[in-house]
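Engineer: let's see this in three dimensions:
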Amino acid sequence: MSVMITLEFPVKPDMLNDYLDSLKGALVETRDYKGCRSVTTLVDQETSSVVLVEEWDSAEDQQAYMAWRVETGLIDAIAPFMQGEPITRTYDLKTEV
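Structural biologist: Sure, this is the predicted structure:
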């Protein structure tokens, strides 16, 4: 069964557009990563938070992806854009409800 993951990034307001530009290429790679079914980007203009809603085949696939992102330096590269720590949540899909 697939899982939904949300990642909320509290972006510095004056860096929001630059951050979104940096995501464009990164999310192409995310969508191509093993186990990724979809990624949707949401932006709260009032708080300049960016939320990624991701669907993965499994939590393990998403964890492997995140380890790869740390290894390749993306997490360090986006740190200057942040005004706080990212928040990650994992949800099980309950399509029968």
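Engineer: so the nearest residue to E55 once chain neighbours are set aside is in which element?
Structural biologist: Leaving out its chain neighbours, the residue that sits closest to E55 by C-beta to C-beta, 6 or more residues apart in numbering is R37, at 4.1 Å. Just so you know, the C-beta spots here come from the backbone N, C-alpha and C atoms, and that holds for glycine as well. Element membership of R37 [criterion: DSSP states H and E] is strand 36-44.
Engineer: in that strand, what's buried?
Structural biologist: Residues C36, V39 are the ones in strand 36-44 that count as buried (16 or more other C-beta atoms under 10 Å).
Engineer: what residues are up against Q62?
Structural biologist: The contact partners of Q62, by C-beta atoms under 8 Å, 6 or more residues apart in numbering, come to V3, I5, G35, C36, E54, W56, T90.
Engineer: so which bits of whichever strand or helix holds it are buried?
Structural biologist: Element membership for Q62 (DSSP H and E) is helix 59-72. Along helix 59-72, the positions that meet the burial threshold by neighbour count (16+ other C-beta under 10 Å) are D61, Q62, Y65, R69.
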